[in-house]
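Participant: Here is the input, now give the coordinates:
(one chain, ligands or ions: 1)
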Amino acid sequence: MENSSDFKNDFKKAIERFLETAGPGCKSAERVAILRAYESQKPAGERICYDPYAIHFVSPGILEWAACNPDKAMALQEMSDRLFPGLDNFVITRVRYFDDFVTRSIDAGLEQLIILGAGYDSRAYRIEELKKITTFEVDHPVTQAVKIEKVKSIFGSLQDHVVFVPVNLGAEDLGRRLLERGYKPSKKSLFLMEGLSYFLPPHVVDEILLFIAKNSGKGSSLILDYYPKSVIDGSYELDIVKNIHSLLAQLGEPLQFGIEDGTVEAFLAQRGFSQIQNATSEDFKKAYFHGVNKDRAVINLLSIVHAAI
Ligand SMILES: C[S@@+](CC[C@H](N)C(=O)[O-])C[C@H]1O[C@@H](n2cnc3c(N)ncnc32)[C@H](O)[C@@H]1O
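Facilitator: Numbers count the residues shown, from 1 in each chain. The predicted model follows:
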């Protein structure tokens with residue numbers, strides 16, 4: 001087997017190439033779009049999630065490289081699975097889990113969807129029932145500008161049911177920007193924070209949760225994924241944790257927020273939330289990983305929690 005430091009060096013170089021080829025928006029958002037696109041190419045009975053638009057959010061240079069170098073693309077995915085066992089599968093599962101939660105919320109009378117850190121999320125375009133519900137897509141202005149151009153090129157124009165809200169969370173006032181763009185605090189809303197919480201400073205996560213708790217209608221809810229605090233502060237001394245920190249440092253998106261192990265219920269209850277339900281890798285494996293997928297590993301460091309307001 002290749003020496004582990006050579007191996008890590010090879011991966012680091014591959015990420016350097018990714019950074020040179022990727023678009024100007026958030027790099028982790030593009031990486032997630034690549035994973036969704038890859039999973040979506042599998043036959044219907046094999047894929048965990050399905051996002052037919054994901055491929056449009058991957059930079060042409062990356063698609064071209066993967067098409068011309070299928071063996072290298074496969075080797076890169078194998079490297080990723082070796083350095084971060086189960087992480088990419090978690091990302092895929094998270095898409096499916098959030099999709100299922102959105103669908104249940106629509107069935108229960110959802111009136112507004114707010115996607116925080118939307119990146120290249122395509123739910124507002126691919127979940128048919130959402131076309132009758134206003135979706136607010138909140139993201140950093142740089143990434144959102146890339147998204148807007150891609151949406152125009154996929155659909156020919158922006159879609160009436162989607163409202164873009166460019167906000168640099170932490171530097172600008174999320175609540176004010178949402179209200180200016182037509183967000184209605186009395187409506188039954190669902191807030192998504194998919195792949196976002198850990199990139200924000202803890203006080204910014206608190207400000208967001210406070211806004212949601214104080215400004216959403218009866219029956220509203222929130223869903224997010226999170227790391228335990230021990231991963232963020234590095235006290236969890238596993239190789240995979242070190243590898244995640246070094247990848248994100250290279251992407252320029254360091255981890256900042258986590259929730260103390262075993263305290264997610266208290267954390268959200270103290271901030272005004274109830275009916276808190278937490279899901280972990282065991283739940284995901286039981287729900288989604290059967291048949292050809294039964295041996296796919298899912299990282300046990302990340303969890304998904306949803307709660308009512
Ligand atoms: C890992 S990506 C996830 C994107 C999308 N939710 C998904 O799952 O495909 C993180 C997203 O959070 C956004 N983000 C991170 N920090 C932000 C900030 N301070 N303000 C606004 N958006 C931010 C990034 O621009 C990016 O789109």
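Participant: Which residue ranges of this structure form helices?
Facilitator: 4-21, 27-40, 60-68, 70-83, 87-107, 123-126, 141-155, 174-180, 202-214, 229-232, 239-251, 264-270, 281-288 (DSSP state H).
Participant: Burial-wise, tell me which of these comes out on top.
Facilitator: Highest mean neighbour count among the helices of the chain (mean count of other CB atoms under 10 Å): helix 27-40, with a mean of 22. Every C-beta, even on glycine, is put in place using the N, C-alpha and C of the backbone.
Participant: is that one anywhere near the ligand?
Facilitator: Yes - shown here: helix 27-40 in contact with the ligand (CB under 6 Å from any ligand atom) through 28-29, 32.
Participant: Neighbours of Q277, how many?
Facilitator: 14 (other CB atoms under 10 Å).
Participant: got a list of what the nearest residue to R271 once chain neighbours are set aside touches?
Facilitator: Distances taken as CB to CB, 6 or more residues apart in numbering put L209 closest to R271, at 4.6 Å, once the chain neighbours are dropped. By CB atoms under 8 Å, 6 or more residues apart in numbering, the residues touching L209 are 222, 268, 271-273.
Participant: that older thread, tell me the one of the residues of helix 27-40 next to the ligand nearest G234?
Facilitator: Set against G234, the nearest of those by CB to CB is S28 (19.2 Å).
Participant: Up against the ligand, what does the stretch 101-250 of the chain have?
Facilitator: 117-121, 139-140, 143, 167-170, 194-196, 199.
Participant: out of these, what pair is the most spread apart?
Facilitator: Y120 and G170 (21.1 Å).
Participant: quick revisit: buried subset of the contacts of L209?
Facilitator: By neighbour count, with 16 or more other CB atoms under 10 Å, those hold 222, 268, 271, 273 as buried.
Participant: Provide a list of residues in contact with L76.
Facilitator: 11, 14.
Participant: Between helix 27-40 and the worst-scoring helix or strand of the chain on mean pLDDT, find me the angle.
Facilitator: Within the chain, no helix or strand scores below helix 4-21, which has a mean of 85 by mean pLDDT, DSSP states H and E. Between helix 4-21 and helix 27-40, the angle comes out at 100 degrees (axes from the mean of the first three to the mean of the last three CA atoms, to 10 degrees).
Participant: quick one: low-confidence parts of the stretch 201-309 of the chain?
Facilitator: Within the stretch 201-309 of the chain, not a single segment meets pLDDT under 70.
Participant: Repeat the analysis, applying 90 as the threshold.
Facilitator: For the stretch 201-309 of the chain, applying pLDDT under 90 flags the ranges 234-238.
Participant: circling back: may I see the residues of helix 27-40 next to the ligand organised as JSON lines, with pLDDT added?
Facilitator: Below are the residues of helix 27-40 next to the ligand laid out as JSON lines (pLDDT from 0 to 100):
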{"residue": "S28", "pLDDT": "95"}
{"residue": "A29", "pLDDT": "97"}
{"residue": "V32", "pLDDT": "97"}
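Participant: got CSV for those residues, with distance to H203 too?
Facilitator: Formatted as CSV, the residues of helix 27-40 next to the ligand follow (distance: CB to CB, whole Å):
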residue, distance to H203
S28, 21
A29, 23
V32, 25
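Participant: ok, of those, which one's closest to D283?
Facilitator: Of all the residues of helix 27-40 next to the ligand, D283 sits closest to V32, with 20.8 Å by CB to CB.
Participant: Y120 is in contact with that closest one, correct?
Facilitator: Yes - counting by CB atoms under 8 Å, V32 does reach Y120; the two are 7.3 Å apart.
Participant: And the residues of the stretch 101-250 of the chain next to the ligand, which of them are buried?
Facilitator: Neighbour counting over those (16+ other CB under 10 Å) leaves 117-121, 139-140, 143, 167, 169, 194-196, 199 as the buried ones.
Participant: Report pLDDT for the closest residue to F7 other than its chain neighbours.
Facilitator: Spatial nearest neighbour of F7, chain neighbours left out: M79 (7.0 Å); criterion: CB to CB, 6+ apart. With respect to pLDDT, M79 has a value of 90.
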